[in-house]
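# Need a 3D model of the sequence below.
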Amino acid sequence: MDKKKRLITMVVTLLVLTIGVTFAYFMARTGEGKQAGTTITTGTVDDLKFNVSKENLSLNINQFNFVSGSGNITDTVTATASLKANSTKNTATYNYYVYFQIESNDYVYTTTDKKPEIVLSITGPNGEITNVDGLKYVSATNADGTVVKGFDITESKPSVVKIANAYEISSSSSTNYTNQEWTFTVTFINLDTNQAGNQNKNLTSKVLIQQEEIKTTLAEYIISQYTGTQGENGIYYHDSNLTNGAGDNSYRYAGASEYTRRKWYLLS
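Numbers count the residues shown, from 1 in each chain. Next up, the predicted model:
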C-alpha cells in the first residue's frame, strides 16, 4: 500500500512538473513576441505626404463674369509635398513627381495672330517654372497693359504634362515637416479685341503630386508634340476645321519621304 501511495505521489509530481515546464515554455514564447512588437513605434518610420488645395482648376467665361474693360479671370491651386524624418536617423530623402492634367478644354484663339488667351503660370519651391516639355512659355498682355507670364495652353487638348521629374525632398527633423509648394494659376487674358468666340467655353484641369511616375503612352506623347499649327512638325489634328481631314479629332503624323512612311507604319 505504501508502495502504491509513493508511486501515485511520484506520478502526480511528475505530471505537475511537466505541466509547469510546458506552461513556462509558452509563457516565455509569449513574452518574447510581445517584446519584439514593442520595438516598433511611430517615430521609427519616415512620414511623406502630399496635399492639393482643391480638386480642380477651372475657367468658365460668360456674359456675367467677363465684359469689356474688366480684368483677367484666374483660378489657382497649390500642391504640397511634406516630409518628416524618422526619430532613429533624423534624416530622410525621397523623390516625387508633379503633373498638370488637362481634362477638357473648349477654348480657341480668337485673333488671327493667335495671341495667348489661356496662360498657365507655375511657381515651384525654387521660384517660377519657365521650361516644360511640350508647352510654350509666353508673355501675354491684356487690355490694360498687365503682363502675365506662363505657358500658352489656349488650345491645349486633354493630356498629362510632367512638371517635375523625380523632384527631391529632404528632411533632417523628426518633429517638423519640410514643405515644398507648387502653385498653379490659369488665367484668361482679357484682350482689347473681340473674344466672343470664347464665351461659355470651359477649361477643367487638375494637379497631380505623387511618388509614382506616370508612364506616357505613345499616343499621349504624339498629342503632346502637337504645336497648335497644322503640320508644323508633321503632326495634324483632324478636327472639323482641317481641310480634307478625317473630322474624328485624331492626331496623325504625315510626310512624303520614305523615312516618314516607315515611321507612319510604326505609329499606326
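
# Tell me where the stretch 1-150 of the chain has helices.
2-37 (DSSP state H, counting those that start in this stretch).

# Name the spans of it whose pLDDT lies under the cut-off.
1-43, 67-70 (pLDDT under 70).

# Could I get the full set of strands for it?
Using DSSP state E, counting those that start in this stretch, the strands of the stretch 1-150 of the chain run over 47-52, 57-60, 73-84, 92-105, 118-124, 127-128, 137-141, 147-152.

# Equivalent analysis for the stretch 151-268 of the chain, please.
Under DSSP E, counting those that start in this stretch, the stretch 151-268 of the chain gives strands at 159-171, 178-188, 202-210, 235-238, 250-253.

# Can you tell me how far residue 182 is from residue 194?
Distance, residue 182 to residue 194, using C-beta to C-beta, to the nearest Å: 35 Å. (Glycine included, C-beta is placed from N, CA and C.)

# Would you mind giving the domain segments of this structure?
Domain assignment for the chain by automatic domain parsing gives 1-39, 43-214, 216-268.

# a markdown table please, covering those and showing mean neighbour count.
Below are those laid out as a markdown table (neighbours: other C-beta atoms under 10 Å):
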| stretch | mean neighbour count |
| --- | --- |
| domain 1-39 | 9 |
| domain 43-214 | 16 |
| domain 216-268 | 13 |
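
# thinking again about what came up before, for the strands of the stretch 1-150 of the chain, which one sits closest to residue 237?
strand 92-105 (12.8 Å; C-beta to C-beta).

# where's the closest one relative to the chain centroid, distance-wise?
Distance, stretch centre to chain centre, for strand 92-105: 2 Å (C-alpha atoms, centre = their mean, to the nearest Å).

# by how many degrees do that strand and strand 118-124 diverge?
170 degrees (axes from the mean of the first three to the mean of the last three C-alpha atoms, to 10 degrees).

# by contact count, what packs against strand 92-105?
strand 47-52, strand 73-84, strand 118-124, strand 159-171, strand 202-210 (3 or more C-beta pairs under 8 Å, 6 or more residues apart in numbering; DSSP states H and E).

# What pairs with it, parallel or antiparallel?
As defined by DSSP bridges, the strand partners of strand 92-105 come to strand 159-171 (antiparallel), strand 202-210 (antiparallel).

# Between strand 73-84 and the last one, find me the angle.
Our comparison of strand 202-210 with strand 73-84, counting by the same axes, to 10 degrees, yields an angle of 10 degrees.

# average pLDDT for strand 202-210?
Across strand 202-210, pLDDT averages out at 97.

# In CSV, list the C-alpha atoms belonging to that strand.
Once non-C-alpha atoms are left out, strand 202-210 reads as follows in CSV (Å, rounded to 0.1, in the frame of the first residue of the first chain):
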residue,chain,number,x,y,z
ASN,A,202,-14.8,75.7,-70.3
LEU,A,203,-11.4,74.5,-69.1
THR,A,204,-11.1,71.8,-66.5
SER,A,205,-7.8,70.6,-65.2
LYS,A,206,-6.1,69.3,-62.1
VAL,A,207,-2.7,69.0,-60.4
LEU,A,208,-1.2,65.6,-59.5
ILE,A,209,1.6,65.2,-57.0
GLN,A,210,2.7,61.7,-56.1
